[in-house]
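[1] Output the structure for:
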Amino acid sequence: MPFQFYYGLWYIDAAYVAVIIAAIFSLVMSFRVKSTFSKYSAVRLPSGMTGAEAARRVLDSHGLRDVRIERVSGDLTDHFDPRTNVIRLSDSVYGASTAAAVGVAAHEAGHAVQHSRHYFPLKIRNAMVPITNIGSRLSTPLILLGIVFSSSGSHFIGIAYLGIALFSLSVLFQLLTLPTEFNASKRAITSLRESGMLSGSELTASKKVLSAAAMTYVAATAVAITQFLRLLSIVSRRDRR
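    Now for the predicted structure:
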């Protein structure tokens with residue numbers, strides 16, 4: 001699988017170039033979500049509703065009164081933990097009365113709703129966590145071992161391909177993350193609009209924050225895919241020698 005081409009006397013590895021482009025894209029999206037969140041954190045809500053209160057209202061509207069909401073330290077460290085049935089909101093979201101905070105809080109509540117409704121992509125993604133963690137730890141050592149000792153026997157290149165297969169689990173995990181995150185944001189915006197918690201420019205601000213956050217997951221998926229192709233290219237070239 002030759003992911004390379006020549007331009008004059010210059011050798012260009014297309015897979016490596018793709019990895020660099022994806023990494024730059026990821027950095028840009030990371031900066032964008034932070035700047036967007038900061039921008040709309042300045043949009044104060046006349047109602048005075050905080051992120052924690054918004055999440056509680058979304059949860060209660062879906063009958064999820066058993067889901068707890070806790071504060072967690074850090075910035076944009078918000079998440080829903082399905083193991084403990086707890087939403088953890090960061091300092092900049094939990095007690096903040098802004099369009100950005102309410103949007104993020106409602107998004108995490110959206111994950112809790114997904115969990116209660118057995119949303120299929122989330123269910124499969126959560127089930128993959130243990131094996132994906134194992135695969136991510138073993139993939140690189142196996143790939144390196146297979147490449148370094150490939151000249152000693154064909155079975156070593158098979159070890160490298162096993163490492164590639166394990167790495168592909170991370171790619172699949174990222175692909176399943178995309179519909180999960182987009183769906184949680186859709187649920188959040190729908191809840192905020194239909195409940196009347198946000199409207200007009202406030203709702204638009206929340207949408208922009210969640211859209212920026214979603215693009216970071218798109219970028220992470222692009223990085224995972226290009227890294228997979230790069231590793232596959234390296235092992236394939238070694239296999240053909």
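[2] three-state assignment of the spatially most central residue of the chain?
    Most central in the chain under Cα atoms, centre = their mean is Y217, positioned 3.8 Å from the mean C-alpha point. For Y217, the reduced secondary structure class is helix; criterion used: DSSP: H, G, I helix; E, B strand; the rest coil.
[3] check contacts around it.
    Neighbour list for Y217: Q174, T177, L178, E181 [criterion: Cβ atoms under 8 Å, 6 or more residues apart in numbering]. For glycine as for every other residue, the C-beta is placed from the backbone atoms N, C-alpha and C.
[4] Please name the nearest non-neighbouring residue to it.
    With Cβ to Cβ, 6 or more residues apart in numbering as the measure, E181 is the residue that lies nearest to Y217, at 4.9 Å, once sequence neighbours are left out.
[5] Please look at that neighbour and A214 and confirm they touch.
    Yes - counting by Cβ atoms under 8 Å, a contact exists between E181 and A214, whose distance comes to 5.6 Å.
[6] which secondary element of this structure has the worst mean pLDDT?
    Least confident helix or strand, the chain: strand 4-7 with a mean of 47, by mean pLDDT, DSSP states H and E.
[7] L172 is in contact with M128, isn't it?
    Yes - under the criterion of Cβ under 8 Å, L172 makes contact with M128 at 7.1 Å.
[8] need the helices for this protein, in chain order.
    For the chain, the helices defined by DSSP state H occupy 14-40, 51-61, 91-94, 99-116, 120-148, 154-195, 200-240.
[9] Which one, of those, ends up nearest to F80?
    Go through those one by one with Cβ to Cβ and the one that ends up closest to F80 is helix 99-116, at 3.9 Å.
[10] elements contacting the closest one?
    For helix 99-116, the contact count by 3 or more Cβ pairs under 8 Å, 6 or more residues apart in numbering; DSSP states H and E identifies helix 14-40, helix 51-61, strand 79-81, strand 86-90, helix 91-94, helix 120-148, helix 154-195, helix 200-240 as packing neighbours.
[11] and it, how far from the chain's centre?
    In terms of Cα atoms, centre = their mean, to the nearest Å, the centre of helix 99-116 is set 15 Å apart from its chain centre.
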